[in-house]
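Q: coordinates only, sequence not included:
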């Protein structure tokens, strides 16, 4: 439905691996993997009518100020009056401020209860994105380039 907009955040780092491999019969399949991440890329995006809306990638972690700035500068201009924004209950979401921002464009906020990813339609996109990245991260110079390309 066009009036529902699902919102979610996801973070990936360069330790994300493809969990399958090939080797000769009876031989072990070994690969190298770092024990720590060297690059961390976070994403935030909305999902409406089968399309990604206002995607943002950045090399940092989430906080309230970042989510509110993204909502004000990227999400709100993409919304139409009457749309409802469905949001998980992450600890850094300040619902009062986000509700104010959405009300300015005629939209409203629907916070989800705890532990309810099945109610947020954008959750499968995060799985698809991470599956693509597990295959492609080794082929890019930076983790950020791989994440940007996975959104295309």
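A: Alright, I've got the coordinates. Computed from a prediction, not measured in an experiment: that's the story for all the values here.
Q: what does stretch 45-55 contact?
A: Outside stretch 45-55, the residues that touch it by Cβ atoms under 8 Å, 6 or more residues apart in numbering are 1-2, 4-8, 43-44, 56, 70, 74-75, 78, 83, 85, 121-122, 125, 151. Glycine gets a C-beta too; all of them are placed from N, C-alpha and C.
Q: put the buried members of the residues you listed into a ChimeraX selection.
A: To isolate the buried members of the contacts of stretch 45-55 in ChimeraX, using 16 or more other Cβ atoms under 10 Å:
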select :5,6,7,8,43,44,56,70,74,75,83,85,121,122,125
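Q: tell me which entries of the contacts of stretch 45-55 lie within strands.
A: When DSSP state E defines the strands, the subset of those inside them is 4-8, 43-44, 56, 85.
Q: which one of these is nearest residue 140?
A: Of all the ones in strands among the contacts of stretch 45-55, residue 43 has the smallest distance to residue 140: 15.1 Å, by Cβ to Cβ.
Q: just checking, the closest one touches residue 60?
A: No: in this structure, residue 43 is not within contact of residue 60 by Cβ atoms under 8 Å, at 11.2 Å.
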